[in-house]
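>>> build me a structure from this.
(one chain, ligands or ions: 1)
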Amino acid sequence: MKITIAHLYPELLNLYGDRGNIISLKKRLEWRGIEAEVKEYSITDNIDFENIDIVFVGGGSDREQLLVCNRLKEIKDDFAKYVENNGVVVAICGGYQLLGHYYKMQDETIEGLDILNIYTESGKGRLISNVVVKSDFLDRPIVGFENHGGRTYIGSHKPLGKAIYGNGNNGRDGFEGVVYKNVIGTYLHGPLLPKNPHLCDYIIEKALQNKDENFILQSLDDEIEMNANEYVVNRFHD
Ligand code: GLN
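Residues are numbered from 1 along each chain as shown. Model prediction:
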């Protein structure tokens, strides 16, 4: 079996070590003897969604998001079809905001992909913090770091989890991120997946089960990673 990971626009959307997420996905597949190919797509490339198993979209500055948004209009239909067919997507911060209807800034509005029924508006000051999230589909908390000006409102969508430390989506409702079908959107950088191997495996398993519904991922020795995760959980609490 082979998993193809599409990294969208790494030349623009690449904040706070987001590339580490790609390395984590690839390595954790390879450590189990599963071939993994990473395809980097620049803003002018065509994306063959039919041959992709995981789409990764990282975070970016407002300026970079504006540059990407024009291109997104062109791939909107293919991307939406991929998501509705249970394609796996991991979108971080700026990338997460772009999955929604729009990101309204002070003077300009960035149009999103409309894949999720969410929207983002810039607020007063940036939300910068370490974050600990309790998710109902993972047995251990998710840890990470947020730095965003946008506040995201996810309406009736299911959140990734409850922010037990940090601000999360908007600093108001106590939730962080979103989960829709096999899409995970989150404000957490860090990078996210090396810090949270349990979440990385959740994502990998979804991609493998799209190819073979009975696929069960064998576990790896994550003692060191989970000790680090636990250290962060114990360090940041109210
Ligand atoms: N530019 C967006 C914001 O500030 C996203 C930032 C990011 O990706 N870290 O809200």
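>>> K73: which element?
Taking DSSP states H and E as the definition, K73 sits inside helix 62-84.
>>> quick one: buried residues of that helix?
Residues 62, 64-69, 71-72, 75, 79, 82-83 are the ones in helix 62-84 that count as buried (16 or more other C-beta atoms under 10 Å). The C-beta positions use only the backbone N, C-alpha and C, and glycine is treated the same way.
>>> which one of those residues is nearest E35?
Distance to E35, by C-beta to C-beta, is smallest for Y82 among these, at 20.9 Å.
>>> what's the nearest residue to that closest one if we skip its chain neighbours?
F49 (4.2 Å; C-beta to C-beta, 6 or more residues apart in numbering).
>>> list the contacts for the one you found?
Going by C-beta atoms under 8 Å, 6 or more residues apart in numbering, F49 touches V55, D78, F79, K81, Y82, G87.
>>> doesn't A207 lie inside a helix?
Yes. Assessed with DSSP: H, G, I helix; E, B strand; the rest coil, A207 lies in a helix.
>>> sorry, back to before: separation between the residue nearest to Y82 and the ligand?
Per C-beta to the nearest ligand atom, to the nearest Å, F49 is found 23 Å from the ligand.
>>> and that residue, how far from I154?
Using C-beta to C-beta, to the nearest Å, F49 is found at 24 Å from I154.
>>> same thing with S42?
Per C-beta to C-beta, S42 is found 30 Å from I154.
>>> and the two? which has more neighbours close in?
Using other C-beta atoms under 10 Å as the criterion, S42 and I154 rank with I154 on top: 24 against 11.
>>> check the burial of the residue of the chain found nearest the ligand by counting its neighbours.
Distances between the chain and the ligand by C-beta to the nearest ligand atom are smallest at G59, namely 2.6 Å. Neighbour count for G59, taken as other C-beta under 10 Å: 27.
>>> hmm, it is touching L188, no?
No. Between G59 and L188 there is no contact under C-beta atoms under 8 Å: 9.6 Å.
>>> re earlier: just checking, next helix/strand downstream of the helix holding K73?
With elements assigned by DSSP H and E, the helix or strand that comes after helix 62-84 is strand 88-92.
>>> tell me what the next helix or strand after that next one is packed against?
Downstream of strand 88-92, the next assigned helix or strand under DSSP H and E is helix 94-98. With contacts taken as 3 or more C-beta pairs under 8 Å, 6 or more residues apart in numbering; DSSP states H and E, helix 94-98 sits against strand 54-57, helix 62-84, strand 142-153, strand 183-186.
>>> could you dump the ones you listed to TSV with mean pLDDT and distance to A207?
Shown next, in TSV, are the helices and strands packed on helix 94-98 (pLDDT from 0 to 100; distance: least, C-beta to C-beta, whole Å):
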stretch	mean pLDDT	distance to A207
strand 54-57	97	5
helix 62-84	93	12
strand 142-153	97	18
strand 183-186	98	12
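>>> in the strand or helix carrying R28, what counts as buried?
Taking DSSP H and E as the definition, R28 sits inside helix 19-30. If you call a residue buried by 16+ other C-beta under 10 Å, then helix 19-30 has these buried ones: R19, G20, N21, I22, S24, L25, K26, R28, L29.
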